[in-house]
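J.: This is the structure alone, sequence omitted:
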């Protein structure tokens, strides 16, 4: 599956993305250290019913990194620049991990452009201890102390499916641009509460999905996001960890297909 390159206006440089299928647009945003190929199981399944656009995040794949020391709002602004350049409106927006933070922030700040939002393995209002741990990891990455094995052990189990996905992710992490990775991880570490207060104003259908064994993007976080959103729904995939879209693709694809069918005028009953 080939990528397309689009030149954005200053200061964003180029973005690369995969664009498959026809119909209403579904935009996918991966997590830190990944690339758009992480969504291959979803692209294959969902491009039969809609146009799927999987983006390479800044500093990942062949997308240009953001300048300076970007925070989460800079990634949200980047997404707005991408969707504007692609002339996309009323998109279904799904993000994984850091991508979920971007997708959630974009839905809060540009509600008119989002028909529905899905947040996979997202983080939401970490505890103080959890925030300190992830901020410390971000500092290590920015200082060149890049540990490959620890995240893989945290993200994957021991099944054959998990092992195959782990091998793919290991390759992506080994070749990632270190500035892009460090910038995104730092924004991820600091961004779990940036847009959290705005979730109560998200009027479109929101799906918060995570793995039952994800120790950082926890089931309680997914339930809290869904509870705060007026039309929120939480789904926990038992036995799965952080890379749930790769290790439990069948269940995730069914959940996303159901979410894509949700009426945008739906409102949660009191």
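T.: Sure, I can see it. Note that the structure is predicted; figures quoted are calculated from it, not measured.
J.: rest of the way, CA atoms for contacts and neighbours
T.: OK.
J.: Regarding stretch 56-74, how distant is the last residue from the first?
T.: This stretch, stretch 56-74, spans 15 Å end to end (C-alpha to C-alpha, to the nearest Å).
J.: and what of stretch 4-11?
T.: Taking C-alpha to C-alpha, the span from the opening residue of stretch 4-11 to its closing residue is 19 Å.
J.: residue boundaries of the helices in the stretch 1-150 of the chain?
T.: Taking DSSP state H, counting those that start in this stretch, the helices of the stretch 1-150 of the chain run over residues 40-46, 72-85, 98-109, 128-142, 149-155.
J.: With mean neighbour count and distance to residue 207 as new columns, can the ones you listed be given to me in a markdown table?
T.: Compiled in a markdown table, the helices of the stretch 1-150 of the chain are given as follows (neighbours: other C-alpha atoms under 10 Å; distance: least, C-alpha to C-alpha, whole Å):
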| stretch | mean neighbour count | distance to residue 207 |
| --- | --- | --- |
| helix 40-46 | 18 | 16 |
| helix 72-85 | 18 | 19 |
| helix 98-109 | 26 | 11 |
| helix 128-142 | 15 | 23 |
| helix 149-155 | 14 | 21 |
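J.: Redo those helices as CSV? Include mean pLDDT and distance to residue 201.
T.: As requested, those are arranged in CSV below (pLDDT from 0 to 100; distance: least, C-alpha to C-alpha, whole Å):
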stretch, mean pLDDT, distance to residue 201
helix 40-46, 98, 28
helix 72-85, 98, 17
helix 98-109, 98, 7
helix 128-142, 90, 25
helix 149-155, 89, 31
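J.: closest one to residue 254 among the ones you listed?
T.: With distances scored as C-alpha to C-alpha, the stretch of the helices of the stretch 1-150 of the chain nearest to residue 254 is helix 40-46 (9.2 Å).
J.: and the closest one, what does it pack onto?
T.: With contacts defined as 3 or more C-alpha pairs under 8 Å, 6 or more residues apart in numbering; DSSP states H and E, the secondary structure elements packing on helix 40-46 are strand 51-55, helix 244-247, helix 249-260.
J.: Perfect, I'm done here.
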